[in-house]
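> Task: produce atomic coordinates for the following.
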Amino acid sequence: MNVKIIAVTHPLYQQVLDLRDRILRKPLGHSVYADDLSDEPNQVILAGVDNEKVIACGILKTVGPGTMKLRQMAVEESFQGKGIGNQVLKAAELYATQNGVKRIELHARKYALPFYEKAGYTSEGDEFTEVGIPHFAMYKNLVE
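Next up is the predicted model:
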C-alpha cells in the first residue's frame, strides 16, 4: 500500500467518500453524502491505495497557524489491525511537518483512543459526544 495525496477532482476521491461512508457514517445511521463537503477542496486528502483501490484515508484541515486537524480517518474492515491506519497517520504527520505544521489535533472515537495514544497523541479534556458517540479531543506536538 502507498499513501497518495489527492484532490477532490482525482478519480480516487469517490472511493475515499465511499470508504468514509461505509466505515464512519453508515454504522451510525448517517451518510457522508449528507455532510457539508464544500471545504474539502481546501483540505489535504490522504488515500491509502492498494492495487488502485482505496483501503484507507484521512484528511488534514488547517485550523490555525501551525495547526492542522486530522479528520475522517478510516480503514477498510478487512485491512484493520494490520498497520494500515498507522501508515496513513505517519504520512499525515510527515506532510504536516514538511509544511511547517507544529501540532495535529483530532477528535478520536473512544474505541480508537489506544491507537492514537500508541502513536504519541495525548487526550485533553473530558469525553464528549460527536455524531452520537463518545469522542476525546487529542493532540500531538510535531516539533518540540
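> Identify the single longest helix in the protein, thanks.
helix 84-98 (DSSP state H).
> Mind listing what's buried along that helix?
Ile84, Gly85, Gln87, Val88, Leu89, Ala91, Ala92, Glu93, Tyr95, Ala96 (16 or more other CB atoms under 10 Å). C-betas here are computed from N, CA, C, even on glycine.
> ok, now stretch 15-34?
If you call a residue buried by 16+ other CB under 10 Å, then stretch 15-34 has these buried ones: Gln15, Val16, Leu17, Leu19, Arg20, Asp21, Ile23, Leu24, Arg25, Val32.
> ok, back up a step: would you mind checking which of the buried residues of helix 84-98 is nearest to Asp36?
When the buried residues of helix 84-98 are compared for distance to Asp36 (CB to CB), Ala92 comes out closest, at 21.6 Å.
> State the distance from that closest one to Gly29.
Using CB to CB, to the nearest Å, Ala92 is found at 28 Å from Gly29.
> cool, and Lys90?
32 Å.
> likewise Asn42?
From Asn42 over to Gly29 the distance is 28 Å, taken as CB to CB.
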